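**Q** missing the sequence, but the structure's below:
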(Lines give C-alpha, C1' and ligand atoms only; values in the text may rest on other atoms or scores of the structure.)
Protein backbone atom coordinates (compact mmCIF):
# COMPACT_ATOMS: atom_id res chain seq x y z
CA UNK A 1 0.00 0.00 0.00
CA UNK A 2 1.20 3.51 -0.79
CA UNK A 3 0.53 6.98 0.66
CA UNK A 4 -1.90 8.19 -2.01
CA UNK A 5 -4.21 5.23 -1.34
CA UNK A 6 -4.98 6.20 2.25
CA UNK A 7 -4.18 9.93 2.45
CA UNK A 8 -6.81 12.62 2.85
CA UNK A 9 -6.88 14.69 -0.33
CA UNK A 10 -6.11 18.40 -0.28
CA UNK A 11 -9.79 19.36 -0.60
CA UNK A 12 -10.57 17.37 2.56
CA UNK A 13 -7.83 18.94 4.67
CA UNK A 14 -8.73 21.79 7.02
CA UNK A 15 -6.68 24.85 6.14
CA UNK A 16 -6.12 28.32 7.56
CA UNK A 17 -4.32 31.46 6.42
CA UNK A 18 -1.15 32.77 8.02
CA UNK A 19 -3.02 35.79 9.41
CA UNK A 20 -5.74 33.77 11.14
CA UNK A 21 -5.49 33.51 14.91
CA UNK A 22 -4.72 30.59 17.16
CA UNK A 23 -8.28 30.84 18.44
CA UNK A 24 -9.76 30.45 14.94
CA UNK A 25 -7.60 27.37 14.34
CA UNK A 26 -8.70 25.88 17.66
CA UNK A 27 -12.35 26.39 16.74
CA UNK A 28 -11.83 24.62 13.39
CA UNK A 29 -9.84 21.82 14.98
CA UNK A 30 -12.49 21.30 17.64
CA UNK A 31 -15.37 21.34 15.13
CA UNK A 32 -13.63 18.82 12.86
CA UNK A 33 -12.13 16.73 15.71
CA UNK A 34 -8.65 16.98 14.20
CA UNK A 35 -5.16 17.66 15.50
CA UNK A 36 -3.74 19.98 12.85
CA UNK A 37 -4.44 22.58 10.18
CA UNK A 38 -2.36 23.28 7.09
CA UNK A 39 -1.39 26.92 6.66
CA UNK A 40 -1.87 28.07 3.10
CA UNK A 41 -0.19 31.01 1.38
CA UNK A 42 -1.85 33.47 -0.96
CA UNK A 43 -0.96 31.30 -3.98
CA UNK A 44 -2.80 28.41 -2.27
CA UNK A 45 0.45 26.61 -1.55
CA UNK A 46 1.22 24.96 1.78
CA UNK A 47 3.37 27.30 3.87
CA UNK A 48 3.30 25.39 7.14
CA UNK A 49 1.35 23.31 9.59
CA UNK A 50 -0.04 24.08 13.02
CA UNK A 51 -0.66 21.13 15.29
CA UNK A 52 -2.26 20.85 18.69
CA UNK A 53 1.29 20.48 20.02
CA UNK A 54 2.29 23.88 18.56
CA UNK A 55 -0.71 25.45 20.26
CA UNK A 56 -0.04 23.75 23.63
CA UNK A 57 3.47 25.21 23.66
CA UNK A 58 2.34 28.81 23.08
CA UNK A 59 -0.58 28.51 25.51
CA UNK A 60 1.70 27.39 28.32
CA UNK A 61 4.03 30.34 27.77
CA UNK A 62 1.55 33.09 26.99
CA UNK A 63 -1.75 31.84 28.43
CA UNK A 64 -4.84 33.57 27.04
CA UNK A 65 -2.77 36.12 25.07
CA UNK A 66 -1.78 33.23 22.79
CA UNK A 67 -5.31 33.04 21.36
CA UNK A 68 -4.65 36.29 19.46
CA UNK A 69 -1.35 35.23 17.89
CA UNK A 70 -1.28 34.74 14.13
CA UNK A 71 -0.79 31.19 12.92
CA UNK A 72 2.08 32.34 10.72
CA UNK A 73 3.98 33.17 13.92
CA UNK A 74 3.66 29.70 15.45
CA UNK A 75 3.45 27.34 12.46
CA UNK A 76 6.07 24.75 11.67
CA UNK A 77 7.34 25.91 8.29
CA UNK A 78 9.88 23.12 7.80
CA UNK A 79 7.36 20.80 6.19
CA UNK A 80 8.03 17.08 6.41
CA UNK A 81 6.67 15.41 3.29
CA UNK A 82 6.47 12.05 1.58
CA UNK A 83 5.82 11.32 -2.06
CA UNK A 84 2.44 9.97 -3.13
CA UNK A 85 4.03 6.66 -4.16
CA UNK A 86 5.94 6.11 -0.90
CA UNK A 87 5.05 2.92 0.92
CA UNK A 88 3.16 3.03 4.19
CA UNK A 89 6.21 1.45 5.83
CA UNK A 90 8.30 4.40 4.65
CA UNK A 91 5.66 6.86 5.88
CA UNK A 92 5.76 5.25 9.32
CA UNK A 93 9.55 5.52 9.34
CA UNK A 94 9.38 9.24 8.51
CA UNK A 95 6.81 9.86 11.27
CA UNK A 96 9.01 8.04 13.80
CA UNK A 97 12.29 9.60 12.65
CA UNK A 98 10.85 13.12 12.96
CA UNK A 99 8.65 12.43 16.03
CA UNK A 100 5.58 13.88 14.30
CA UNK A 101 1.96 12.87 13.78
CA UNK A 102 1.19 14.40 10.36
CA UNK A 103 2.83 14.17 6.94
CA UNK A 104 2.05 16.21 3.88
CA UNK A 105 1.95 14.19 0.66
CA UNK A 106 3.54 15.56 -2.51
CA UNK A 107 2.35 14.71 -5.99
CA UNK A 108 4.48 14.17 -9.05
CA UNK A 109 4.96 17.92 -9.55
CA UNK A 110 6.08 18.38 -5.93
CA UNK A 111 2.90 20.22 -4.95
CA UNK A 112 1.00 19.14 -1.85
CA UNK A 113 -1.87 16.85 -2.79
CA UNK A 114 -2.86 15.47 0.61
CA UNK A 115 -2.10 14.67 4.22
CA UNK A 116 -1.47 11.44 6.06
CA UNK A 117 -1.61 11.16 9.84
CA UNK A 118 -0.44 8.43 12.17
CA UNK A 119 -4.13 7.80 12.93
CA UNK A 120 -4.87 7.32 9.21
CA UNK A 121 -2.19 4.63 9.10
CA UNK A 122 -3.40 2.94 12.29
CA UNK A 123 -7.01 2.95 11.03
CA UNK A 124 -5.94 1.43 7.72
CA UNK A 125 -3.89 -1.30 9.41
CA UNK A 126 -6.63 -2.16 11.93
CA UNK A 127 -9.19 -2.42 9.12
CA UNK A 128 -6.83 -4.71 7.22
CA UNK A 129 -6.45 -6.93 10.29
CA UNK A 130 -10.21 -7.09 10.82
CA UNK A 131 -10.63 -8.19 7.22
CA UNK A 132 -7.92 -10.81 7.69
CA UNK A 133 -5.58 -9.04 5.30
CA UNK A 134 -2.01 -8.55 6.38
CA UNK A 135 -1.03 -4.86 5.88
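**A** Structure's in. What do you need? Being a predicted model, the structure only gives us computed values, none of them experimental.
**Q** Could you report the separation of residue 128 from residue 114?
**A** Distance, residue 128 to residue 114, using C-beta to C-beta, to the nearest Å: 20 Å. The C-beta positions use only the backbone N, C-alpha and C, and glycine is treated the same way.
**Q** actually residue 18, not the one I wrote
**A** Residue 18 is 21 Å from residue 114, by C-beta to C-beta.
**Q** Which one's more surrounded, those two?
**A** Remark: of residue 18 and residue 114, residue 114 carries more neighbours, 22 against 17, as counted by other C-beta atoms under 10 Å.
**Q** Let me know the pLDDT of that one.
**A** What the model reports for residue 114 is a pLDDT of 93.
**Q** What's opposite it in the beta bridge?
**A** Beta bridges link residue 114 to residue 9, residue 105 when assigned by DSSP bridges.
**Q** where do the strands sit along this protein?
**A** Secondary structure of the chain by DSSP state E: the strands cover 8-9, 15-17, 36-40, 46-51, 81-83, 102-106, 112-117.
**Q** so which of these comes closest to residue 30?
**A** strand 36-40 (11.3 Å; C-beta to C-beta).
**Q** I'd like to know the average pLDDT value across the closest one.
**A** pLDDT averaged over strand 36-40 gives 93.
**Q** For burial, what's the neighbour tally of residue 87?
**A** Neighbours of residue 87 using other C-beta under 10 Å come to 12.
**Q** For the helix or strand of the chain with the lowest mean pLDDT, name the packing helices and strands.
**A** Lowest on mean pLDDT, DSSP states H and E among the helices and strands of the chain sits helix 52-62, with a mean of 84. Here helix 52-62 touches helix 22-32, helix 71-74, going by 3 or more C-beta pairs under 8 Å, 6 or more residues apart in numbering; DSSP states H and E.
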